[in-house]
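[1] Just the structure for this:
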Amino acid sequence: MAEAFRDLAAEWGESFAAAWDGPHGRDLRLAGRAGVHAALAAVVTWLLAATLCVLVWLVSAPDTSGVVGPLRVAGQLWLLGHHVALDVPAGRIAMAPLGFTALLIFGLWHTASAPLARPVQVAYTAFGAATGYGLAAALVAAVAATGDVRPDTAQAVPFAVLFGALVPTAARWRRIIGFCDLPRWAASAARAGGVAGA
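    Predicted structure coming up:
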């Protein structure tokens, strides 16, 4: 059995190395880089939420519980920023704090740093960012649950995947428009429409 696993791992390793060094290797490296950047943005924004929650905990009542409580509340705040519902004994909380949501968008917006040379690389980087951010959200959702407050895990990962794919892609809008070969009259029509609307 162990030998079969070794053979399978060796075969997958060879396939991955061939893909990594092959004609689409740069695309895979861009996807990996986007995934790491999105996961780091998730970690940094969670650390900001943790700092806020620990400071409030220190000021209010540090002897009521351990430091694990504020860290879980930070995860819950992070998930609420993505509009993930939290089940509490009194009902359900689903209203996102807009300031924290703006902070999450700001963090993800600045992960779009990889240079894109071809239109297909937009899809690779969106997939990589969505994967990295979704994995971070799954980890936060698993750790943020308490006896009284439970995040809706069915919302946590899909919403984070949407955030991870759409925000960095929107940050590259100028480059994406540059890939479009619009006729010359399209720029004049857009300019005229803007002037007419003003």
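[2] Now V84: which helix or strand?
    Under the criterion DSSP states H and E, no helix or strand holds V84.
[3] just D87 next, same as before
    In the assignment (DSSP H and E), D87 maps to strand 86-88.
[4] what's that strand packed up against?
    Other elements packing on strand 86-88 under the criterion 3 or more CB pairs under 8 Å, 6 or more residues apart in numbering; DSSP states H and E are helix 68-81, strand 150-151. (Glycine included, C-beta is placed from N, CA and C.)
[5] Poorly predicted segments of the protein, please.
    1, 5, 8-9, 12-24, 62-65, 182, 187, 197-198 (pLDDT under 70).
[6] which helix of it spans the most residues?
    helix 25-60 (DSSP state H).
[7] That helix: which residues count as buried?
    By neighbour count with 16 or more other CB atoms under 10 Å, helix 25-60 contains the buried residues 27-28, 30-35, 37-39, 41-42, 45-46, 48-50, 53-54, 57.
[8] Show me the contact partners of the helix or strand following the strand holding D87.
    Following strand 86-88 in sequence order, the next helix or strand is strand 91-93 (DSSP H and E). Residues outside strand 91-93 that contact it (CB atoms under 8 Å, 6 or more residues apart in numbering) are 80, 85-86.
[9] so can I have CSV of the residues you listed showing distance to L108 and neighbour count?
    Below are the contacts of strand 91-93 laid out as CSV (distance: CB to CB, whole Å; neighbours: other CB atoms under 10 Å):
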residue, distance to L108, neighbour count
L80, 16, 21
A85, 21, 20
L86, 21, 22
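[10] which residues are contacting the strand holding D87?
    76, 79-80, 92-94, 148-152.
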